[in-house]
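Engineer: Pasting the sequence and the predicted coordinates here, then a few questions.
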Amino acid sequence: MFTNTRAFSGFAVDDLQRARSFYAETLGLKTEVLDEKNGLMVLHLAGNRDTLVYQKPGFTPATYTILNFPVDDVEQAVDALAARGVRFERYPGFEQDAKGIARGNGPDIAWFKDPAGNILSVLKEQ
């Protein structure tokens, strides 16, 4: 039924301008505000994987990873993001090094949050 449908994903934030600044300036993604009044923005991700970002009243951050960024070198990505003010999260049950990188249980991965509190990650590209 949906074989040829161009599905896309989306997630909510509490403040569209803060989100745009973070995703465009801190992460270096191409963003496009579709409707500022109604709080709609698109992240133009590699591979034509556009993702909708929308401002939601009564917003609550996701408690799971909403967006993963595969990279060649997780440590280098963590260092670059940390230099831009990004803080990395620590989670019980994961052995993480001083930089917050978990290794040895799947791909190397480090989690961080956007300004709205949504969880993102950088992980070793497979």
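Structural biologist: Here it is on my side, so go on.

Engineer: which residue ranges form the helices in this protein?
Structural biologist: For the chain, applying DSSP state H gives helices covering 16-21, 74-83.

Engineer: Quick check: Gln96 touching Asn105?
Structural biologist: No - contact criterion Cβ atoms under 8 Å: Gln96 and Asn105 do not qualify, at 10.5 Å. (Each C-beta comes from the backbone N, C-alpha and C, glycine too.)

Engineer: Tell me which of the two has more neighbours.
Structural biologist: Using other Cβ atoms under 10 Å, the more surrounded residue of Gln96 and Asn105 is Gln96, with 16 against 10.

Engineer: Without its sequence neighbours, what residue ends up closest to that one?
Structural biologist: Distance criterion Cβ to Cβ, 6 or more residues apart in numbering; nearest residue to Gln96, sequence neighbours excluded, is Ala102 at 4.9 Å.

Engineer: swap in Lys56?
Structural biologist: Nearest non-adjacent residue to Lys56, counting by Cβ to Cβ, 6+ apart: Ala12, 3.8 Å away.

Engineer: Span of stretch 97-111 from start to end?
Structural biologist: Using Cα to Cα, to the nearest Å, the end-to-end distance of stretch 97-111 comes out at 12 Å.

Engineer: and that stretch, average pLDDT?
Structural biologist: Here stretch 97-111 scores 94 as its mean pLDDT.

Engineer: Give me the buried positions along it.
Structural biologist: Gly100, Ile101, Ala102, Arg103, Asp108, Ile109, Ala110, Trp111 (16 or more other Cβ atoms under 10 Å).

Engineer: I figured the first one was touching Asp108, is that so?
Structural biologist: No - with contact defined as Cβ under 8 Å, Gly100 and Asp108 do not form a contacting pair (11.0 Å).

Engineer: what residues are shared contacts of those two?
Structural biologist: Residues touching both Gly100 and Asp108 by Cβ atoms under 8 Å, 6 or more residues apart in numbering: none at all.

Engineer: where's stretch 30-37 relative to the chain centroid, distance-wise?
Structural biologist: Put simply, stretch 30-37 sits 17 Å off its chain's centre (Cα atoms, centre = their mean, to the nearest Å).

Engineer: Appreciated, that's everything.
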